[in-house]
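Participant: Here is my input, please return the structure:
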Amino acid sequence: HGFYRDGRLHSSDGAVLSTVTEGDATSALTPQSFTRVSEGSAQRIAWTVDLCLDADALPHTLFSVRVNDGDARGRPDAESKGDDLRYWYARFDGKRWHSHEIAHAGTRRFPRETDYTGLAAIDPGDTNVVVISTNAHPVSGEPLISSTDGLRHWELWRGRTDDGGASWSWQALTTNSTFDNLRPLIPSSEDGVRHILWTRGKLNNFEDYDLDVCLKSEAREPADQRA
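Facilitator: Just a heads-up that it's a prediction; the model follows:
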């Protein structure tokens, strides 16, 4: 992670890494020049999901991790992989990043797109709250089978942490659906209300879909009652 400000590239703590000159395409910087958020590996492959700043302008991020099948990349049988995805949450405290696995993200969305999840969002008005889309129970990882049609579907869950992301409590926002609930977004708002947008329906791939856009509005917990 890093950021650009006033013609300079910075690491997460604000240290200047490079001065950017207009028209100069040369740079000694590499991805490793910036601040590491979380350690990956061939069996723990990360994919970005969401990023926002808290009230103190410190970054928080959500990302997904595909575990235990990194050798699938580029192989003909890759569509058989991506059956264990996880959501991670990380926050920067001004000095270093704190990263935690927070929930099961379920299985890949499409064959051969082994990193695609239902996605997730941080509430920019309360960065202790996230909304995730998953077809597995966030804690146990058990498949979410709808009692309505007997099929596995992606559902929305709201998570809250009171200890900086180390532990979470979860509440289902949708249950026993007959369609998938995907791609939650939480826009910025200053009216004390959390507005959750998402799509529901069928998403076969990015060119083949039949989705409705939905909205759920709920009161945020007052700031003086948050951990």
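
Participant: which residues are contacting the helix or strand of the chain with the lowest mean pLDDT?
Facilitator: Lowest by mean pLDDT, DSSP states H and E among the helices and strands of the chain is strand 16-19, with a mean of 89. Contact with strand 16-19 is made by Gly2, Gly7, Arg8, Leu9, His10, Ser11, Ser27, Ala28, Leu29, Ser33, Phe34, as judged by CB atoms under 8 Å, 6 or more residues apart in numbering. Every C-beta, even on glycine, is put in place using the N, C-alpha and C of the backbone.

Participant: 6 Å instead, please
Facilitator: With contact meaning CB atoms under 6 Å, 6 or more residues apart in numbering, strand 16-19 is reached by Arg8, Leu9, His10, Ser11, Ser27, Leu29, Ser33.

Participant: ok, of these, which one's closest to Trp170?
Facilitator: Trp170 has its nearest neighbour among those in Ser11, at 33.2 Å by CB to CB.

Participant: I figured the closest one was touching Ser33, is that so?
Facilitator: No: Ser11 is beyond contact range of Ser33, at 7.8 Å (criterion: CB atoms under 6 Å).

Participant: circling back: PyMOL command to pick out the buried ones of the contacts of strand 16-19?
Facilitator: Here is the PyMOL command that picks out the buried ones among the contacts of strand 16-19, judged by 16 or more other CB atoms under 10 Å:
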select buried, resi 9+10
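
Participant: one step back: if we go by neighbour counts, what in the least confident helix or strand of the chain is buried?
Facilitator: Buried residues in strand 16-19 (16+ other CB under 10 Å): Leu17, Ser18.

Participant: so what strands line up beside it?
Facilitator: Using DSSP bridges, strand 16-19 pairs in its sheet with strand 8-11 (antiparallel).

Participant: For the partner strand, give me every contacting residue.
Facilitator: Residues contacting strand 8-11 (CB under 6 Å, 6+ apart): Gly2, Phe3, Val16, Leu17, Ser18, Thr19, Phe34, Thr35.

Participant: What is the neighbour count of the first one?
Facilitator: So that's Gly2. Using other CB atoms under 10 Å, Gly2 has 18 other residues around it.

Participant: Now it. Nearest residue, chain neighbours left out?
Facilitator: Once flanking residues are discounted, Gly2 sits nearest to Phe34: 3.8 Å by CB to CB, 6 or more residues apart in numbering.
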